[in-house]
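Q: Could you look at this predicted model? Sequence included:
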Amino acid sequence: MRATKLLGKLTIYYLVITGMVLLAMYLWPGIRGYLPIGGVEQLIAQPAKNPLQASEAIRAAHVGNLGQSLFWLAVAMAGALLASLPVSWVYMAVRSGDEYDQSLINTIIVLPMVVTGIVIIVQNSLALAFSLAGIAGAVRFRNSLKSSGDALFILLAVSIGLSAGIGAVELAALVSVVLNYTFAVLWLTEYGEREGMKRYLADYDGLDKARPPEPEKVKS
């Protein structure tokens, strides 16, 4: 029931977001030139370049002043947030017990927006990229994940932020859809489960045979 509810929630969410985007593009046909979409086409179609040269993916057809640039950035940030929000739902559904980490949920939501901003900053400047690496090395962000599998959620959040940052919100949405449904189906089918082995996903049927027996209570 929990997995079915999660799949239904994801489906309704993605359909509503898709409907809103299609409606906006129908009402304002020219808005596409001001949106952070189409980056995938440019990445795939553009010829090979020197890796030190800037990419042309992060461009929009009609963005040419401060107001339009802020609108582009706001949509990219919002797209990263909307794509990462259902990832947090999946994490909350498939994790339980000692493996559950509330701070990771907040990271899943905030990290894509941070990565989006960073990609926009360093996209056209190799010097800024090296400067950012130095700053990150000085700050030394450290976080010990409770499970190695949680790295998948972090990588998913980073990929969403990278996609939005290069002007490919459609890629961020696709990554979110595919990975979230994959996690939900793996959880529903309990794929790869073996009796007595530690589980990565929460037990769908509620029966964790790998859990050690609880100590007997001493009668007073």
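A: Perfect, thanks for sending it. Numbering: from 1, shown residues only.

Q: could you pull out the strands for the protein?
A: Ranges of strands in the chain, per DSSP state E: none exist.

Q: Run through it and note the low-pLDDT ranges.
A: Counting by pLDDT under 70, the chain shows low-confidence ranges at 1, 43, 45-64, 97, 124-146, 148, 192-220.

Q: Distance check, the closest residue to residue 104 other than its chain neighbours against residue 157.
A: Distance criterion C-beta to C-beta, 6 or more residues apart in numbering; nearest residue to residue 104, sequence neighbours excluded, is residue 150 at 5.9 Å. Where you see a C-beta, it was placed from the backbone N, CA and C, and this is true even at glycine. For residue 150, the distance to residue 157 (C-beta to C-beta, to the nearest Å) stands at 11 Å.

Q: Among these two, which residue is more densely surrounded?
A: Between residue 150 and residue 157, counting by other C-beta atoms under 10 Å, residue 157 is the more crowded of the two (26 against 19).

Q: Report how many residues lie close to the closest residue in space to that one that isn't next to it in sequence.
A: Closest residue in space to residue 157, ignoring its immediate chain neighbours: residue 111 at 4.4 Å, by C-beta to C-beta, 6+ apart. The burial count assigned to residue 111 is 20, neighbours taken as other C-beta under 10 Å.

Q: Next: residue 23.
A: 10.

Q: residues contacting it?
A: Counting by C-beta atoms under 8 Å, 6 or more residues apart in numbering, residue 23 makes contact with nothing.
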